[in-house]
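> Return atomic coordinates for the entry below.
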Amino acid sequence: MKYYLTLALFIIIFIAGIFFGFLIFKPQIVKEQINSQTILQTLKNEGFLITQTYILDQKVTIDKNTGVMWRDFFWGQEIEASAVMKVSSGVDLTKLNAEDVQLADKQITIKLPAIEIQSTELMGDIELKNTQGILKKVFNNDDGYNLALNKLKEQAQVTASQEKLVADAKINTQKEIERLIGLAAPNWQIKIDFK
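Numbering: from 1, shown residues only. Purely as a prediction, here's the structure:
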């Protein structure tokens, strides 16, 4: 019986020691101070934030004819091209400055740079129809691929720059910035404007 009492006393002292040791030496929770520099650095670390990607079926016609029938018969060229293009747009957060992030009364106000196109890429192959004059085909044969690719990219960027598509990109950017800031500063109101 004495053995059980000693064992029970030892267990009680051991548990009490752990409990008081935890109370004395428990890790202190360090609250990170939220300030404009913290928010600015959090956003800048994201770099270029892509918030909208469009897949567009683009078609272009490039007419390199002069309008003079006999000259176009020998040297003229007309290219018809179509391809699927991918345009990614978003906001470059590395352009943020200290004055773009303001904190007051549990509200964070951020002035973001304008939405811009980050990349325009060809998805798949270009369908190309190239009509050339007789002498052009013999002496200066040009398949028109590079010219068609450049025009397709330009046309895709123009399409992605339409007001409605830019407005969609702004909405997605606001949601993503609110999510990022919400992780760093929970319980703060976030107001986002664009320059």
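> contacts, neighbours, all on C-alpha from now
Noted.
> The helix or strand of the chain with the lowest mean pLDDT: what's the following helix or strand?
When each helix and strand of the chain is scored by mean pLDDT, DSSP states H and E, helix 134-139 comes last, with a mean of 60. Next helix or strand after helix 134-139 toward the C-terminus (DSSP states H and E): helix 145-160.
> Quick one: distance of stretch 99-113 to the chain centre.
21 Å (CA atoms, centre = their mean, to the nearest Å).
> err, stretch 105-122, not the other one
9 Å.
> for it, how far is the first residue from the last?
Terminal residues of stretch 105-122 are spaced 47 Å apart (CA to CA, to the nearest Å).
> hmm, who's touching it?
Stretch 105-122 is contacted by residues 48, 50, 83-93, 95-96, 100-103, 153, 156-157, 166, 169-170, 187-195 when judged by CA atoms under 8 Å, 6 or more residues apart in numbering.
> what's the neighbour count on W188?
17 (other CA atoms under 10 Å).
> Would you check that it makes contact with R179?
No. Taking contacts as CA atoms under 8 Å, W188 lies outside contact range of R179: 11.6 Å.
> Name the residue closest to the centre of the protein, please.
Central residue of the chain (CA atoms, centre = their mean): I50, 0.7 Å from the mean position.
> which residues sit in contact with it?
Applying CA under 8 Å, 6+ apart, the residues contacting I50 are S88, S89, G90, V91, Q118.
> Of all pairs in those, which one spans the longest distance?
S88 and V91 (10.4 Å; CA to CA).
> Give the intersection of the neighbour lists for these two.
Common contacts of S88 and V91 (CA under 8 Å, 6+ apart): I50, T51.
> More neighbours: which of those two?
More crowded of S88 and V91, by other CA under 10 Å: V91, with 23 against 20.
> any idea how far the more buried one is from Y4?
71 Å.
> How about Q33?
Counting by CA to CA - Q33 and Y4 are separated by 53 Å.
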